[in-house]
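*Asks:* using only what follows, build the 3D model:
(one chain, ligands or ions: 1)
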Amino acid sequence: MNSVKVHSFSNITTQKLSRICHIYNDNFPTSQWSESHFYSYFKSDLPIGYFLMAHGKIVGFIWGKKKEGENSFNLATLWVDSAHRGNGFASLLIQNFLEAAFRVSNKIYLHFRDSNDLKHFYSRFGFANHIIDGYYKNGEPKHYMEIVK
Ligand SMILES: CC(C)(COP(=O)(O)OP(=O)(O)OC[C@H]1O[C@@H](n2cnc3c(N)ncnc32)[C@H](O)[C@@H]1OP(=O)(O)O)[C@@H](O)C(=O)NCCC(=O)NCCS
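*Replies:* Here you go, the predicted structure:
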């Protein structure tokens, strides 16, 4: 844990952003982002994101954005390198994210795929009001959870 550091996406270098885009695409094959989409997402209004560095390598990240015209914040992506799982790193990222997102909104919500059985995982952090909120393009049920301040 001591060798792992949390960094904010604010002031992130283009090189690191590009690396994170590649890691993201390698690990989320069903929702690929082009680099240009990735850059515009992070250069636009109010994204909040954190990434973890261990021994010069990016080993985790989280990000999300305020929903336009609403007082709610979407937790869009969470990932921890498989070699580093089970050490509380996702918890660390989520804590940082929730703290920052609740400074600018009253509700934080997320979606996850049926194949990622994460209802219990997210409920540990206070996410509740679970529903199936439609379907992904490949037909998988889309799970929804939220925390309301
Ligand atoms: C889900 C993920 C982020 C968890 O990362 P992690 O760093 O291992 O999580 P933590 O160590 O902080 O775990 C916190 C707690 O949740 C539990 N947990 C971890 N992954 C879990 C999972 N997939 N399902 C249920 N519980 C889980 C841990 O056992 C731990 O419990 P404990 O505090 O009693 O020990 C990681 O497995 C991952 O990146 N998976 C692939 C990408 C993904 O599914 N992202 C979410 C998409 S919405």
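*Asks:* now stretch 92-112, how far from the centre of its chain.
*Replies:* How far stretch 92-112 lies from its chain's middle: 9 Å, per CA atoms, centre = their mean, to the nearest Å.
*Asks:* and what of stretch 125-139?
*Replies:* On CA atoms, centre = their mean, the centre of stretch 125-139 falls 15 Å from that of its chain.
*Asks:* which parts of stretch 15-26 are buried?
*Replies:* The neighbour-count criterion (16 or more other CB atoms under 10 Å) identifies 17, 20, 21, 23, 24 as the buried residues of stretch 15-26. Placement of C-beta: from N, CA and C, glycine included.
*Asks:* filter these by proximity to the ligand?
*Replies:* On the criterion CB under 6 Å from any ligand atom, none of the entries of the buried residues of stretch 15-26 sits beside the ligand.
*Asks:* now, which of those residues lie within helices?
*Replies:* Among the buried residues of stretch 15-26, DSSP state H puts 17, 20, 21, 23, 24 in helices.
*Asks:* dump the residue contacts of the second one.
*Replies:* Residues in contact with residue 20, defined by CB atoms under 8 Å, 6 or more residues apart in numbering, are 38, 51, 58, 61.
*Asks:* and for the third one?
*Replies:* Contacts were defined as CB under 8 Å, 6+ apart; by that measure residue 21 touches 33, 35, 38.
*Asks:* equivalent analysis for the fourth one, please.
*Replies:* For residue 23, the contacting residues are 58, 61, 79, by CB under 8 Å, 6+ apart.
*Asks:* the last one and residue 106, how far apart?
*Replies:* When distance is defined by CB to CB, to the nearest Å, residue 79 is 26 Å away from residue 106.
*Asks:* chain center to the lowest-mean-pLDDT helix or strand in the chain, what's the gap?
*Replies:* Using mean pLDDT, DSSP states H and E, helix 35-43 stands out as the lowest-scoring helix or strand of the chain, at a mean of 88. How far helix 35-43 lies from its chain's middle: 15 Å, per CA atoms, centre = their mean.
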